[in-house]
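S.K.: Here's a sequence, model it:
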Amino acid sequence: MTHPLVEQLRFARSEFSRGLRGVPEADGYRRLEPMNSIGWIVAHMAWHEQRYWLTRLAGTTPVPSVNEIAPNGGPATTPSLRAMLGAWKAITTAADPHLDRLDEQTMSGSLPGLPPRNTGSAVLRVTYHYWFHTGELMAIRQLLHHPRRPDFVGDIDAQAPYRAGGGL
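M.R.: Numbering: from 1, shown residues only. I've put the predicted structure just below:
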């Protein structure tokens, strides 16, 4: 059974993805300072997932380019949205089997690498990071006058309902 925190992470991912539907490639390059470009936001979330679940947890880095394009604290970049969506999908797909193995014991244990953090806190951090950048993404889309963008959180009751004992 998938850990409830992983279900919440996957729901945050799905809302992030829903927020990207219909964004034209050209708008993915645009940077409305001081906000990031949409392409950077996608690359940054790919970087974060790769860093925690693949590099730190599994000892592999399948898409090293995101480490240069959108690390935390790195310089602003405006990468291709299409390319970064491909990287994000490859990384999240590769991360899923590792997330599926997380249980209460591993959630309470240390995530390998620095900075020191337990695995459950890392899952929460990435989940909340998605919500932060989904908000930034929606603000950019509003400023760009995109039609048919999401205006509220999706169906959490069906996709990621509360489950007792999930550390929430």
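
S.K.: Tell me which residue lies nearest the centroid of this protein.
M.R.: Central residue of the chain (Cα atoms, centre = their mean): residue 45, 4.0 Å from the mean position.

S.K.: can you give me the helices in the chain?
M.R.: 4-20, 25-29, 38-49, 57-58, 65-69, 81-100, 104-108, 119-143, 156-159 (DSSP state H).

S.K.: Any idea which helix or strand in the protein has the lowest mean pLDDT?
M.R.: When the helices and strands of the chain are scored by mean pLDDT, DSSP states H and E, helix 156-159 comes last with a mean of 84.

S.K.: Show me what that helix is packed against.
M.R.: Where contact means 3 or more Cβ pairs under 8 Å, 6 or more residues apart in numbering; DSSP states H and E, helix 156-159 is packed against helix 4-20. C-beta coordinates here come from the backbone N, C-alpha and C atoms, glycine included.

S.K.: CA-only coordinates of the helix it packs on in PDB, if you can.
M.R.: Taking Å, rounded to 0.1, in the frame of the first residue of the first chain, the C-alpha atoms of helix 4-20 are listed here in PDB:
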ATOM      1  CA  PRO A   4      -0.300   8.500   2.500                       C
ATOM      2  CA  LEU A   5       2.400  11.100   2.300                       C
ATOM      3  CA  VAL A   6       3.400   9.700  -1.100                       C
ATOM      4  CA  GLU A   7      -0.300   9.900  -2.200                       C
ATOM      5  CA  GLN A   8      -0.300  13.600  -1.200                       C
ATOM      6  CA  LEU A   9       3.000  14.200  -3.200                       C
ATOM      7  CA  ARG A  10       1.400  12.500  -6.200                       C
ATOM      8  CA  PHE A  11      -1.700  14.700  -5.900                       C
ATOM      9  CA  ALA A  12       0.500  17.800  -5.700                       C
ATOM     10  CA  ARG A  13       2.300  16.600  -8.800                       C
ATOM     11  CA  SER A  14      -1.000  16.000 -10.600                       C
ATOM     12  CA  GLU A  15      -2.200  19.500  -9.800                       C
ATOM     13  CA  PHE A  16       1.100  21.000 -11.000                       C
ATOM     14  CA  SER A  17       0.700  19.100 -14.200                       C
ATOM     15  CA  ARG A  18      -2.900  20.200 -14.500                       C
ATOM     16  CA  GLY A  19      -1.700  23.800 -14.100                       C
ATOM     17  CA  LEU A  20       0.700  23.400 -17.000                       C
END
